[in-house]
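**Student:** kindly generate the corresponding structure for this input.
(4 chains)
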Number of protein chains: 2
Amino acid sequence: MSVRMTRQREVVAAVLEAVDGFHSAQELYEMLLADGERIGLATVYRTLQLFAENNMVDVMRNADGEAIYRSCISAGEHHHHLMCRTCGKTIEIDGPTVEAWALQVGAQHGFTEIEHTIELYGTCTACQRG
Amino acid sequence: MSVRMTRQREVVAAVLEAVDGFHSAQELYEMLLADGERIGLATVYRTLQLFAENNMVDVMRNADGEAIYRSCISAGEHHHHLMCRTCGKTIEIDGPTVEAWALQVGAQHGFTEIEHTIELYGTCTACQRG
DNA sequence: CCTGAGTTTGACAATCATTCTCAATTCCGG
DNA sequence: CCGGAATTGAGAATGATTGTCAAACTCAGG
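**Tutor:** Numbers count the residues shown, from 1 in each chain, chains lettered A, B, ... in the order given. Prediction:
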């Protein structure tokens, strides 16, 4: 029942801190192996899920529907992302506007416990040249 | 290069029209078989992708990252969804507010060609009882 | 109503992400 | 330091999706 701190969980947290942007479980697993860590793929998956449940990481899905993770910058705070479709650069954004809009639309249709996923994609300044 | 009309494409379009809500390629495939249609699973996948590219169907991803499809009610129009997390009932919504917000946020960060995905989840009136 | 070139199909293999299994190992409160 | 609960890991299993390629089909032209 209680959650334990293990070497594996520490190193997963560590890579997440060390790298920028979003990465899949597979990618993170490979990075760990490259760093010489001994850890199983299943453990990486389980750990990421655990972190996600505790809002310790950001989760989103790439265009292929794969889960990608990133250490949460505004830990625990709800926010969204603006990602460059060319270089993958990601900016964290928050939007009182949309939050309010989401709640309102939900309420209008009699829905409660509204949650939402909002992701923006575009081409960043750097990638517009070239 | 040219797109042909085939029996298979017709029946896929037909089930999409016949059923409500979003369904995975697998589900649609099974419905077709149940209807006595002769069609291959790969064909269902290919057909759905084709339809999606032509904006003839709505695509979204469920919580597991699987692609789910629905015949496009407001054909070709850009819109979003409000889905009941219990019964899967889905309502189509549009939001000038968020559209504008998305563009503005993108521009603020120097991003162009902004696209976005927005999905709302909640509990519908019916599912709140019980 | 034929025909041929180009499309599309389907059975099945192949990928690939993710989850499951379960014995062996590791944590940690007492 | 101990014991039981939590966690791990190797590999199998699952399941969605895509690739392969010969056979079947469509349709514009004759």
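
**Student:** next, count neighbours for the nearest residue to A:Thr47 once chain neighbours are set aside.
**Tutor:** The shortest distance from A:Thr47 to any non-neighbouring residue, by Cβ to Cβ, 6 or more residues apart in numbering or on different chains, is to A:Val12 (4.5 Å). Where you see a C-beta, it was placed from the backbone N, CA and C, and this is true even at glycine. Using other Cβ atoms under 10 Å in any protein chain shown, A:Val12 has 27 neighbouring residues.

**Student:** and the strand or helix carrying A:Val12, what's its mean pLDDT?
**Tutor:** Applying DSSP states H and E as the criterion places A:Val12 in helix A:7-18. Averaged across helix A:7-18, pLDDT comes to 95.

**Student:** can you give me the buried ones in stretch A:102-122?
**Tutor:** Along stretch A:102-122, these residues count as buried under the neighbour rule (16 or more other Cβ atoms under 10 Å in any protein chain shown): A:102-103, A:105-106, A:109, A:111, A:114, A:116-122.

**Student:** helix, strand, or coil at A:Met83?
**Tutor:** strand (DSSP: H, G, I helix; E, B strand; the rest coil).

**Student:** is it bridged to anything, and to what?
**Tutor:** A:Thr90, A:Tyr121 (DSSP bridges).

**Student:** from A:Asp58, how far out is it?
**Tutor:** Per Cβ to Cβ, to the nearest Å, A:Met83 is found 12 Å from A:Asp58.

**Student:** between the two, what contacts are shared?
**Tutor:** By Cβ atoms under 8 Å, 6 or more residues apart in numbering or on different chains, A:Met83 and A:Asp58 have these common neighbours: A:Phe22.

**Student:** which stretches of chain A form strands?
**Tutor:** In chain A, the strands defined using DSSP state E lie at A:23-24, A:57-61, A:67-71, A:80-84, A:90-93, A:112-123.

**Student:** quick one: the ones you listed as a markdown table, columns for mean pLDDT and distance to B:Ile68 too.
**Tutor:** Output for the strands of chain A, formatted as a markdown table (pLDDT from 0 to 100; distance: least, Cβ to Cβ, whole Å):
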| stretch | mean pLDDT | distance to B:Ile68 |
| --- | --- | --- |
| strand A:23-24 | 94 | 21 |
| strand A:57-61 | 86 | 13 |
| strand A:67-71 | 90 | 17 |
| strand A:80-84 | 82 | 22 |
| strand A:90-93 | 81 | 25 |
| strand A:112-123 | 85 | 14 |
